[in-house]
Structure formats: structure tokens, C-alpha cells
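In: compute the structure for the input listed below.
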Amino acid sequence: MSSLAAPIVCIGGFNIDRKLKLLARPLPGSSNPCEAHETPGGVVRNVAENLARLGLPVSLIAAVGDDAGGRMLLDQAATVGIDTQAVLRLRRQSSDSYTAVLAPDGSLELGLAAMPLVERLNPWALEASKALRARAALLVADGNLPHDAWPLLLGEARAGGAPLVGVAVSEAKMERLPHDLAGLHLLILNAGELACVAPEPLDAFAALHARGVARVLVSKGAEGLLLSEPERAPRHWPAPDVPVVDVTGAGDALSAGVCAALLRNPTDFDAAARLGLDLAALTLQTVDSVHAELTPDFLLNR
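Out: Predicted coordinates:
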């Protein structure tokens, strides 16, 4: 099976995104007018949808409840072309959700994550999808996963499995990553998440490499990307200058673009950074977590 025919397997958050955009600066302790918008979400689910809309074969390992939200999530995933056969359907459970309170300029004021079902993705539950991971060309796991899931995935990668890409989800969940990260092909995170490792970026890079991470890619928002590899000076790529409508999902689009490029060539990080930045810039210009007009044409001539 060629790498382009084998699936990209995405493991982690699968939830409803609720976005509440304030119409003016918030007044604490008072009712604040806002606009409401609801879409499917979850870091790795957003990555999977971007990849599926780009025409790439994607399978999802996640968990949903048997509620209306779970049915909506599964139906929408099927519509865009995500394989959900490995998604756990949990009876008498409400599906996970993430509520983002956005400032009038689209920046994040407050994020509220109610995500107990992703905790079910423990080693016992992941055993059912072992064969799917074994035939993958690339694995993408997000930081929503419980702590005990990582040793299993890292062990598979070290044993000759597909390259494993980790995507951080928040500063609060950085502690879910185990100390030993040997086997991680790439870790994607933002500046705040990097600072959870060490206050100074160079110290944080050194610490992550000492823990076994082969490469660290850091998004600095409008300042672009930094890539760190052991015994090399960090490389920088500037971000395109675009009007920002909504930041939600832009980091996930960045990760998807990086993964789409790595599927072609796991060692071409220049192409990965550039594709990731372009896809993030496109997503910044929509209220959706994933740009609804994204098609395989985006990959042509790249």
C-alpha cells in the first residue's frame, strides 16, 4: 500500500464547538450580548476534517455519546469523508463539548471544555483499533488523550509503526504528556504551551528533545512558526498577513497542513511549515472551525 493510499489515523477529541462572540467588551457580572455559532469540533477531529476535505484518506479514533450531539457529529463526519468505524459509541452519555467565548475581534476570551468521554480512550479501548493503526501511513494524536494512552502509541511508533505526530490542545493539558516521549516524530504546539515546559523557548526545546521528541514545531500566531531539531538552530517561517474573522480552528488547520505535507514526505519540514501556514491563514478568515470551501484543489501545485 502506498503512503497516499494508506489512511491517516487521528486519535483524540471529538466534540461540539459552541462559539459565543461578544458584540462589545465584556461586563463582568452582567448579561452580555453575543452571537452564537455551533459546529463540530475537537482538535484532532478538526485536523481530520481538514485532511478529508483535502481529499486524503482519514480514519478517526474517538468517543461520542448516544445523544443528538453525537449523532450530528457522526453524520457530519461521514458527509465530509472521515471514516468513523473506530469511534466508540457510549450509551447513556452526553457527547463532549467545547465552548469558546470570543472577543469582538475574534480572539479567545475564555474556553470551557467539558470532555469526559475522551478519557475513555485508554489502552484497553485502543486495543480494538490496533489493526487500523498498524496499516496507517501517519498517526496524529492530540493532547486531549488520557495520560496512559501515550505510552501505547509511543511504543508502537518506536516498534516501527507509522510516524506519530502529537498536537497540543491547551496549557492546562500539557501535563498529560508523559515524561518519556521517545518515538514522537513531531510535537506541534503554541508559544503558551511551550512555556509550560520551560519559560525560555531554547530551554523548552532542549528539554523536549531530551525527553525524546525528534522535532518541535511552535506556532507564534502572527509571528509565524519555529521548528526545533536537536543540535540545530531553530528555523523560522513568517505567517501570511490576513484579516482575522475567528481564531478558533486555525491551529488545527495548521496541524492538518503540516500532516498533509508530511504524508508526502515525512522529512520535508519546509513544505510542511508552508502548507500549514497557508491552511491556517485560510481558516482565520471564516467563522467555521474548518473552512467549508476547502477542497483538494488547495493541494494542487504545492
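In: what strands flank the strand or helix carrying Ala141, and is each parallel or antiparallel?
Out: For Ala141, the host element (DSSP states H and E) is strand 138-142. Counting by DSSP bridges, the strands paired with strand 138-142 are strand 8-11 (parallel), strand 164-167 (parallel).
In: now that strand - C-alpha only, PDB.
Out: Extracted in PDB, the C-alpha atoms of strand 138-142 (Å, rounded to 0.1, in the frame of the first residue of the first chain):
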ATOM      1  CA  LEU A 138       0.700   8.600   9.600                       C
ATOM      2  CA  LEU A 139      -0.700   8.900  13.100                       C
ATOM      3  CA  VAL A 140      -1.900  12.100  14.700                       C
ATOM      4  CA  ALA A 141      -2.800  12.200  18.400                       C
ATOM      5  CA  ASP A 142      -4.000  15.300  20.300                       C
END
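In: and that strand, how far from the chain's centre?
Out: Put simply, strand 138-142 sits 8 Å off its chain's centre (CA atoms, centre = their mean, to the nearest Å).
In: Ala100 is nearest to which of the strands paired with strand 138-142?
Out: strand 164-167 (17.4 Å; CB to CB). (Each C-beta comes from the backbone N, C-alpha and C, glycine too.)
In: show me what the following helix or strand past that closest one is packed against.
Out: Downstream of strand 164-167, the first helix or strand assigned by DSSP H and E is strand 184-190. Applying 3 or more CB pairs under 8 Å, 6 or more residues apart in numbering; DSSP states H and E, we find strand 184-190 packed against helix 149-158, strand 164-167, strand 216-219, helix 250-264.
In: dump the ones you listed to JSON lines, plus mean pLDDT, distance to Leu74 and mean neighbour count.
Out: Below are the helices and strands packed on strand 184-190 laid out as JSON lines (pLDDT from 0 to 100; distance: least, CB to CB, whole Å; neighbours: other CB atoms under 10 Å):
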{"stretch": "helix 149-158", "mean pLDDT": "97", "distance to Leu74": "22", "mean neighbour count": "18"}
{"stretch": "strand 164-167", "mean pLDDT": "98", "distance to Leu74": "22", "mean neighbour count": "26"}
{"stretch": "strand 216-219", "mean pLDDT": "96", "distance to Leu74": "30", "mean neighbour count": "25"}
{"stretch": "helix 250-264", "mean pLDDT": "94", "distance to Leu74": "19", "mean neighbour count": "26"}
